[in-house]
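Undergrad: quick one, what's the 3D model for this:
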Amino acid sequence: MLSDHVEIYRRLFNEYWAKDDETILDAYVSIDHINHTLGVHGPNEYREFMKPFRLGLPDFHFDIHFHLVDGDYVVIVWTAHGTHLGEFMSVPATGKKVSFNGTCIARFEDGMVVEEWSYPDLMGLMQQLGAFPVMA
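TA: Numbers count the residues shown, from 1 in each chain. Sure, this is the predicted structure:
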């Protein structure tokens, strides 16, 4: 059986980040939340951070490979997939199917995500979109 924290974090991936269900974001991300690597604070900044993904990769979804739990911390290793159908980070739509890997770490208090560290491979994504050269 998964811990409550793992279930909550999976719901954020599958229902908010992938499907834009804002009720999940509001229910499980603290108003005092901070994502240390992305510079995102609270649910409202999360909404702003996700806009380019929603526009550029409207079918954005995740495969969650595994999770680790240590007390109030959850680590999830994932691969995101999507089709580049709209502008993303100044790159016009290419129609390419893309995927990129990442890891996220969340700390919970009282059933809410209060801290995160996120490590998406955005360079790999941008290389797939042709924005950066792929090194040999």
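Undergrad: tell me the confidence at residue 46?
TA: Model confidence at residue 46, given as pLDDT, is 90.
Undergrad: kindly apply the preceding question to residue 134 instead.
TA: Residue 134 is assigned a pLDDT of 74 by the prediction.
Undergrad: doesn't residue 126 make contact with it?
TA: No. In this structure residue 134 lies outside contact range of residue 126 using Cβ atoms under 8 Å: 10.3 Å. Any C-beta I mention is one placed from the backbone N, CA and C, and that applies to glycine too.
Undergrad: with neighbour numbers in mind, choose between the two.
TA: With neighbours defined as other Cβ atoms under 10 Å, residue 134 and residue 126 compare such that residue 126 has more, 16 against 9.
Undergrad: am I right that that one is in a strand?
TA: No. With DSSP: H, G, I helix; E, B strand; the rest coil as the criterion, residue 126 is assigned helix and is not in a strand.
Undergrad: got a list of what it touches?
TA: Taking Cβ atoms under 8 Å, 6 or more residues apart in numbering as the criterion, residue 126 is in contact with 89, 91, 132.
Undergrad: grab the nearest non-local neighbour of the first one.
TA: In other words, residue 89. The shortest distance from residue 89 to any residue that is not its chain neighbour, by Cβ to Cβ, 6 or more residues apart in numbering, is 6.0 Å, and that residue is residue 52.
Undergrad: measure that neighbour to residue 27 for me?
TA: 24 Å (Cβ to Cβ, to the nearest Å).
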